[in-house]
Every structure is written in structure tokens, then in C-alpha cells.
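> sharing a model prediction with you, sequence too.
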Amino acid sequence: MQSSSIPSVVVVGGGVFGVSTALHLKRLGADVRLVTAGSFGDGATGRSLSWLNSARFRSAEYHRLRLLGIDRYRTLAARRPDAPWLRFDGGLTWDTDDASNGIAKAFEHERSIGYDALLLSPDRVAAVTPGVDIRAITPQGAKFNPGEGWVDLSELVGVMLEEFVALGGRADAGVGLAEIETTGGRASGVALASGERIAADAVALAVGPASPKMLARFGAQIPDMTPISLLVRTAPLRHPLRAVLNTPRVALRPAPDGGFALDSAWSEEEVRVRDDGGYEVRDDTLVRLLAEASAVLEGNPRLRVAATGVGPKPIPGDADPVLGEIDEAPGLHVVFSHSGATLGLIVGELIAESIVAGRPHPLLAPFRATRFAAARTAGRLERARPLSLT
């Protein structure tokens, strides 16, 4: 291990959180080794709809963190104005036509906290954002958030990896499962499946749905409500849609190649987990998901499946992120959150600053894993808040 003035860090996990953390550490001068079990971006990162937002209802602390996340993407977009994988063309949302419709309430809340929002009747949507079949919008109208956008996380991971390596970082894929090692109760490195041991002053763990199990070894109990996700990518076509759509039966966004990325809660529930741990998606599920997507798009284009991604979507038990150093194993820092897209850049930055400075960043305080121990002591855990697709 190196002296504290130039910390050595092992980052475990090749998704957006792991790569972002490694890059920000390298920018701060740390000696960084980035390792991942499979290939970079092959987990939840590759299955994210990647809607950049802080819409609807959430705690003030979480809202602030998400706004900072969007801010970092805007800085990146200014530096790469022609990047086809990062766009800010807004987000359009409508709810079901029944008593559960909360569009007006969500709009009023967002306006009350200064989050840019418009409440549009169906006939006004076309003049504000193109590419939507207004016949699909429920009579209560749609909420448009002009400041929202989307990012293709696979492209972003590639861009960050390129800079990381150029700065002298070492990135190794396909290393298999990594085991966190401790010395005197403090994280001191990792052991790879090959038998290689990597000593370090700190370890950053960004392994998505595997986080609770890995942390349980140290006595950290992280409630988990990770579901199965299904992301479908369509073949390219010419279409005017620019915004992210979040509708009752499907959520979708444009993709850099001209196709769409889409998902839904109901289609994820139809994924079957096989006895061997693999996943099975029925053809009729895909057919119906494509039909739902076509129904909300202007011209109702014929959509074809180009690729599907299936696997766990990491979500902590109270739906808020788990971020920062673990009390049960000092030197071990964790990132466990479903908000991989919106938080991808800012969380990597804050975790890196915490490690290099040797003290937790104040913005991470509400998201430390210690909150679960406090909740258990009080005999309760917060009920999960409604989730946004991210």
C-alpha cells in the first residue's frame, strides 16, 4: 500500500458507478486498479433505460443529489455537444385514466420545488415535443419536463474507460468474482479468482445487486428489493421522437443508432427465472411490448427487436441509494443504487473525493448504510417510495 498522500484504491465493478468512481479517483491522482467479473457495462448498466431526471416525489436530499447528477451531465454535454449518446430533449409523462392518476399532483409538487415542468392537455403536446401519438395521452394530460434527458450508458462507460486508461489507470475485465480482504478489520485489498491479491488503501465496491450479499460478510445488513429488469432495443428507423416517454404501459427513449430503448413494469414481471439461474422472455411478451411502444409513437411505426437485456435491477430496500464507507469495514466504500444513469457521474465524483480526502463527503451522509441499523433499532424500516425509471 502507498502512503496516504497518494492513496491506492481497487474499484470492483465495471458498470457506470465503478468506472465513474475509478475515473474520478484517477483525476484526483490516486493509484487505481479497476476490475470487473465479466465485461465492462455488461450488468445493470447495459439494461438501464437511462432517463436523466428527478421527477415526481422523493426526499429533499435525494432530489438535490439527482439535480447535481443532471448538472454533471450538462457539463459533459457542453464539452461534447455532438455526442449522439447524451441528449437533453425533455421528458413527457402521463398516467392511467383512473382514480390513481397523479399527473396534476406531481406537476404541482414539482413546480413548488422549482423543478421545471409544464402540464399539457393532449392537443398541446405536439407543439411542445414531437413524435407522440396524442391519441394515447389520457384526458388528464401529460407532464413535460424540459430539463430532462437521456444517456446511453454503454457509450458513456466506453468514453470514461478511454480517459481512465489514458490517465494511467489499469482496467481488467473477466477477472471473475473478487473477494474483499481485510487487515485488522479494515479493507486492505481484494483477492481475484486467479489467486492474485491486490493490496490497497481503500476498496470501492460497485457490484450492483451483488452488494448486499458481499457486505453481509462484514456484518452490514442492507435490505434488498432487487427485481428483474428487461430492456428491449429496437432496430433503427426514422422517427421524430426526441423526448423520453414514461407512459402507463411502456417507457421509451431514442437510442444513438436511431432505434428505441424501451421497458415496462408489466413485461419485467413476465420474465421467468429458470432453474439454472438463466432467464426466459416469452415471444408474446416482446410482441405486446413493441405494440405498446408503437401505440404511443406518432405514425404507429412497426418496431422490430434488435436486442434484449435481462437481469437484476439493483434497488435497496428503502429505494434510496446506499453510498459511502461501511462502518463495519473501514476503508470499504459501497455504491448500491437503482439510479445508475442520473447518479452515475456525481456519485463517482463524491465517492472518489471521500476516499482521497479520508473523510465522507457531506452530501453522502443521508445515504450511508448506517440508516438501516438505526431503523432496525427503532423497530422499523421506511416503506419504499414510488420509483422512477432510470
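Arrived safely, thanks for sending.

> sketch out the low-pLDDT regions of the stretch 251-390 of the chain for me.
For the stretch 251-390 of the chain, the stretches with pLDDT under 70 are 374-390.

> where do the strands sit along the stretch 1-150 of the chain?
Along the stretch 1-150 of the chain, counting by DSSP state E, counting those that start in this stretch, strands occupy 8-12, 31-35, 51-52, 86-87, 91-93, 118-120, 142-145, 149-151.

> what is the neighbour count of residue 360?
Residues near residue 360, counting by other Cβ atoms under 10 Å, number 18. Any C-beta I mention is one placed from the backbone N, CA and C, and that applies to glycine too.

> I figured it hits residue 323, correct?
No: the criterion here is Cβ atoms under 8 Å, and residue 360 misses it with residue 323 at 9.2 Å.

> okay, and the common contacts of these two?
Common contact partners of residue 360 and residue 323 (Cβ atoms under 8 Å, 6 or more residues apart in numbering): residue 368.

> hmm, back to that, include mean pLDDT, distance to residue 70 and mean neighbour count when you put the strands of the stretch 1-150 of the chain into a markdown table, please.
Output for the strands of the stretch 1-150 of the chain, formatted as a markdown table (pLDDT from 0 to 100; distance: least, Cβ to Cβ, whole Å; neighbours: other Cβ atoms under 10 Å):
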| stretch | mean pLDDT | distance to residue 70 | mean neighbour count |
| --- | --- | --- | --- |
| strand 8-12 | 98 | 24 | 27 |
| strand 31-35 | 98 | 25 | 23 |
| strand 51-52 | 98 | 5 | 26 |
| strand 86-87 | 98 | 11 | 22 |
| strand 91-93 | 98 | 11 | 26 |
| strand 118-120 | 98 | 17 | 19 |
| strand 142-145 | 98 | 10 | 24 |
| strand 149-151 | 98 | 8 | 28 |
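
> now those as CSV including distance to residue 237?
Formatted as CSV, the strands of the stretch 1-150 of the chain follow (distance: least, Cβ to Cβ, whole Å):
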stretch, distance to residue 237
strand 8-12, 38
strand 31-35, 36
strand 51-52, 21
strand 86-87, 17
strand 91-93, 19
strand 118-120, 26
strand 142-145, 23
strand 149-151, 17
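
> closest one to residue 355 among these?
strand 8-12 (5.9 Å; Cβ to Cβ).

> name the helices or strands packed onto the closest one?
Strand 8-12 makes packing contacts with helix 16-27, strand 31-35, strand 186-191, strand 202-205 when contacts are defined by 3 or more Cβ pairs under 8 Å, 6 or more residues apart in numbering; DSSP states H and E.

> who wins for proximity to residue 124 among these?
For residue 124, the closest of the helices and strands packed on strand 8-12 is helix 16-27, at 35.1 Å, according to Cβ to Cβ.

> please state the offset of that closest one from the chain centre?
Averaging C-alpha positions (Cα atoms, centre = their mean, to the nearest Å) puts helix 16-27 15 Å from its chain's average.

> for it, C-alpha coordinates in CSV please.
Presented in CSV, the C-alpha positions along helix 16-27 are these (Å, rounded to 0.1, in the frame of the first residue of the first chain):
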residue,chain,number,x,y,z
VAL,A,16,-21.3,3.1,-14.7
PHE,A,17,-20.7,3.5,-10.9
GLY,A,18,-17.5,1.6,-10.9
VAL,A,19,-16.0,3.2,-14.0
SER,A,20,-17.1,6.7,-12.9
THR,A,21,-15.5,6.2,-9.4
ALA,A,22,-12.3,4.9,-10.9
LEU,A,23,-12.0,7.8,-13.3
HIS,A,24,-12.7,10.4,-10.7
LEU,A,25,-10.1,8.8,-8.4
LYS,A,26,-7.6,8.9,-11.2
ARG,A,27,-8.3,12.5,-11.9
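
> next, the angle from it to strand 8-12.
Angle between the axes of helix 16-27 and strand 8-12 is 160 degrees (criterion: axes from the mean of the first three to the mean of the last three Cα atoms, to 10 degrees).

> all strands for the stretch 201-350 of the chain, in order.
For the stretch 201-350 of the chain, the strands defined by DSSP E, counting those that start in this stretch cover 202-205, 228-234, 244-246, 251-254, 260-263, 272-273, 279-280, 305-312, 322-325, 332-336.

> find the residue at the geometric middle of the protein.
residue 340 (1.6 Å; Cα atoms, centre = their mean).

> pretty sure it sits against residue 15.
Yes: between residue 340 and residue 15 there is a contact under Cβ under 8 Å: 6.7 Å.

> overlap in contacts, the two.
Residues touching both residue 340 and residue 15 (Cβ under 8 Å, 6+ apart): 44-45, 153.

> near residue 98, how many residues? Count them for me, please.
When neighbours are counted by other Cβ under 10 Å, residue 98 comes out with 9.

> heads up, I number from 176, so please use that
Yes, from this point I'll number from 176; that puts the last item at residue 273.

> that one and residue 313: what is the separation?
9 Å (Cβ to Cβ, to the nearest Å).
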